[in-house]
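# My questions are about this predicted structure, shown below with the sequence.
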Protein chains: 4
Amino acid sequence: MVENWKKFLMPYEQAVSELKIKLRGMRKQYQQNNEHAPIEFVTGRVKPIDSIKEKMQRRYITEDLLEQDMQDIAGLRIMCQFVEDIHEIVGLLHQRTDMKIVEERDYVSNVKPSGYRSYHIVIEYPVQLISGEKLILAEIQIRTMSMNFWATIEHSLNYKYQGEFPETLKARLKRAAEASFMLDKEMSEIREEIQEAQQLFSYGKWQ
Amino acid sequence: MVENWKKFLMPYEQAVSELKIKLRGMRKQYQQNNEHAPIEFVTGRVKPIDSIKEKMQRRYITEDLLEQDMQDIAGLRIMCQFVEDIHEIVGLLHQRTDMKIVEERDYVSNVKPSGYRSYHIVIEYPVQLISGEKLILAEIQIRTMSMNFWATIEHSLNYKYQGEFPETLKARLKRAAEASFMLDKEMSEIREEIQEAQQLFSYGKWQ
Amino acid sequence: MVENWKKFLMPYEQAVSELKIKLRGMRKQYQQNNEHAPIEFVTGRVKPIDSIKEKMQRRYITEDLLEQDMQDIAGLRIMCQFVEDIHEIVGLLHQRTDMKIVEERDYVSNVKPSGYRSYHIVIEYPVQLISGEKLILAEIQIRTMSMNFWATIEHSLNYKYQGEFPETLKARLKRAAEASFMLDKEMSEIREEIQEAQQLFSYGKWQ
Amino acid sequence: MVENWKKFLMPYEQAVSELKIKLRGMRKQYQQNNEHAPIEFVTGRVKPIDSIKEKMQRRYITEDLLEQDMQDIAGLRIMCQFVEDIHEIVGLLHQRTDMKIVEERDYVSNVKPSGYRSYHIVIEYPVQLISGEKLILAEIQIRTMSMNFWATIEHSLNYKYQGEFPETLKARLKRAAEASFMLDKEMSEIREEIQEAQQLFSYGKWQ
């Protein structure tokens, strides 16, 4: 396997750190303009070595194609309050000149059979190394908090059952996905009311 | 009004910083033991001066009673995946010797008419100042992510309408509260499955 | 004066946050390669509004020229162990494609009469705002820790006396500058020994 | 060896995080009172496993005595501008009720033959674990920035030569120690001037 994982992953670590600062900066600008921020919070991670290895096997990805074929080694997540915010964020990302969007997958309009909803964007991002510039791929997932909640849970169950869920569990997960969808729908309906209200007061930022 | 707000709020700022580190430390211990962590994430804030002043007026709190009568100047929030986690956290807080619980309000068992659910604990916490030790009050709110989602929204609407919601909005908020409650309920039902699954793999920590 | 300082300073805040992450990243790469890092630590700040106003008056800078004539609204400092490291860092900055060097002032070779030593680089840096890209200026100061120590102190005295030092103080500051210079010189002489030694062991990173 | 190092070190990690927040809080209080802060900056680290093992062998420390005999597994460093600040900090630490001082070593008054200067305090500090309270030992080193500079360098050389320095290197290190001492002395002499000056203006905090 890759002889020096730490060295291999370093540009990805750097990209995740930079992108977190950049995406969180977008949130601050909205807050400063006293407008509804389409971003609630941003998280990121570099894929753990074990997961990379497991995915290489599962997807038949060879080492020499790792950088270009595994697009989520660097991962960012943007959580938002409303489904409508997702598209606003996508627009903002398209407009940036410090990254290049190379792929988009809209599982919000096209819900996966499992119930999974999320908007995925793959970007090409230049990292400045002491040995020069390097382009890497990173995946940005954009979702409401309720989508995120469900997805986190499905992800760990998936891992356990390798996609082969017992029927009862499958049914329950489905019901949870529906409750999550419902919550997003109810929220969207009072969205304009909420956004007006949020402009009125700057709540102490919980962070 | 309090002549020097910055100075007045300093011990609260310090307490919030310390308590965030302490509560997040609890999460790390579970993760290290490879057990389900009853804590998803922790946030904190010091109440903004404007909100303090507004609450002083609304609740007829005089300056000399501010420290003892306004219990949420320092505020911490612990978010968890399952309703069941809330009681585990309460137990852990009771056991700590670096804080003293002085009040508990259980709006999880006793849902507010508005639909608000959350567990509130008020603690007395010693801060070491350069002028010596000072005891301050802090409020810790414990809730699921779905309770938190709803509460954030209700809080901003409440602020706009001062509790006097139009009937349609009231009805919609209620429906959202029900969707939130349902989501928690569905999650609880697959809780044991999820917890087992989460022990199997350490997902890359998104942070 | 500038009608909305918070809004005016926001791109500078964002640039300082991003540049801190980027410059600290350079340090990490050296550490990972187990090579002597020419960077000990990095700090940054946005110039306080009061200092901006004071400097505008002192230098006759009008508001409409503020962005281009005041080059240190966004300020970064890179501290290093050895004088020799300074030039290595300058080389690294030249090579980056995410910033453009627009000015260099070498007060290391050309010590100021006061005894001030430091290497200043002014860069043009693109910040992505929600309203689009904006180019801003930022100043990067590169210095040894001993230069930094002296400079911090001279800066505060300068501020008090506005450059008009009493003779005794002037003489003392000068002696301190010489002690600082001497320390750097002695260190340079054992530099190769130290660098070899530092490659041998990764000391627990104090941070 | 200790079967699970990660688990063993966890309370030390937690203590270092908490103590950094607490010691940095002391600095903020001075700044807010607009007084000279005896603390410039604070760093911390948990001793790397390799260093622990190496020290166990060198000092004949057995595993069962590790917790009580190795006092610097958790280490904090407080850097200050003036030698005089060191004693002020010592006084502040004595006054705190959240830690207990169990040992003090004053290498500032009693410079080590090598030239090493620093003030060491060993404290007993209670960490709240999910399994209950645990008392651990931590070492706090207090030094001027110039002492720190020299000590960092001597530490790495020491490691390389295991204390058996070649004569020329020994002589050079000694000269560097003298330059460091001189710098501190010159600084002390203009200390009152500097402290007055620092009260006049709040420089933009570089951090």
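Alright, I've got the coordinates. Residues are numbered from 1 along each chain as shown, chains lettered A, B, ... in the order given.
# Hmm, A:R105 is touching A:Y116, no?
No. The criterion here is Cβ atoms under 8 Å, and A:R105 misses it with A:Y116 at 10.9 Å. No exception for glycine: its C-beta is placed from N, CA and C like everyone else's.
# Neighbour count: those two, which is higher?
Remark: of A:R105 and A:Y116, A:Y116 carries more neighbours, 16 against 13, as counted by other Cβ atoms under 10 Å in any protein chain shown.
# what residues does the worst-scoring helix or strand of chain A on mean pLDDT touch?
Using mean pLDDT, DSSP states H and E, helix A:191-200 stands out as the lowest-scoring helix or strand of chain A, at a mean of 78. With contacts defined as Cβ atoms under 8 Å, 6 or more residues apart in numbering or on different chains, helix A:191-200 is touched by A:34-36, A:81-82, A:84, A:187, B:153, B:156-157, B:159-161, B:169.
# tell me which of the residues you listed is nearest to chain C?
A:E35 (9.2 Å; Cβ to the nearest Cβ).
# measure the closest one to B:V46 for me?
Per Cβ to Cβ, to the nearest Å, A:E35 is found 24 Å from B:V46.
# Looking at the two, which has the bigger crowd around it?
Neighbours per residue (other Cβ under 10 Å) separate A:E35 from B:V46, with B:V46 holding more: 23 against 13.
# So what's the residue count around the closest residue to the more buried one other than its chain neighbours?
Distance criterion Cβ to Cβ, 6 or more residues apart in numbering or on different chains; nearest residue to B:V46, sequence neighbours excluded, is B:Y12 at 4.9 Å. Per other Cβ under 10 Å, the neighbour tally for B:Y12 reads 21.
# just the one 3 residues further on next, same as before
Residue crowding around B:A15 was assessed by other Cβ under 10 Å; the count is 26.
# Am I right that it is in a strand?
No. B:A15 is assigned helix when assessed by DSSP: H, G, I helix; E, B strand; the rest coil, not a strand.
# Look up the pLDDT of it for me, please.
Predicted confidence (pLDDT) for B:A15: 98.
# How confident was the prediction at the closest residue to it other than its chain neighbours?
Spatial nearest neighbour of B:A15, excluding adjacent residues (Cβ to Cβ, 6+ apart): B:A74 at 4.8 Å. You'll see B:A74 listed with a pLDDT of 98.
# go on, A:A37?
With respect to pLDDT, A:A37 has a value of 90.
# I'd say it and A:R27 touch.
Yes. A:A37 lies in contact with A:R27 (Cβ under 8 Å); the separation is 4.9 Å.
# So the two - more neighbours on which side?
Shown here are A:A37 and A:R27; by other Cβ under 10 Å, A:A37 has more neighbours (21 against 18).
# contacting residues for that one?
A:A37 neighbours (Cβ under 8 Å, 6+ apart): A:R27, A:Y30, A:Q31.
# What about those, which are in helices?
Using DSSP state H to define helices, the subset of these located there is A:R27, A:Y30, A:Q31.
# Dump the residues you listed into a markdown table; add distance to chain D and pLDDT as well.
Formatted as a markdown table, the ones in helices among the contacts of A:A37 follow (distance: Cβ to the nearest Cβ, whole Å; pLDDT from 0 to 100):
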| residue | distance to chain D | pLDDT |
| --- | --- | --- |
| A:R27 | 21 | 94 |
| A:Y30 | 25 | 92 |
| A:Q31 | 21 | 86 |
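# among those residues, which are in reach of chain C?
Counting by Cβ under 8 Å from any Cβ of the partner chain, A:Y30 from the ones in helices among the contacts of A:A37 sit close to chain C.
# Go ahead and list the helix or strand containing A:E124.
strand A:119-129 (DSSP states H and E).
# actually A:R24, not the one I wrote
Per DSSP H and E, A:R24 falls inside helix A:5-32.
# now for whichever helix or strand comes after that helix, which elements pack on it?
Counting by DSSP H and E, the next helix or strand C-terminal to helix A:5-32 is strand A:41-46. Strand A:41-46 sits against helix A:5-32, strand A:74-80, with contacts defined as 3 or more Cβ pairs under 8 Å, 6 or more residues apart in numbering or on different chains; DSSP states H and E.
# for the longest one, which positions count as buried?
Okay, so that is helix A:5-32. Neighbour counts over helix A:5-32 (16 or more other Cβ atoms under 10 Å in any protein chain shown) mark A:8-30, A:32 as buried.
# Check stretch A:181-197 too.
Those would be A:F181, A:M182, A:L183, A:D184, A:E186, A:M187, A:I190, A:R191, A:E193, A:I194, A:A197, for stretch A:181-197 by 16+ other Cβ under 10 Å.
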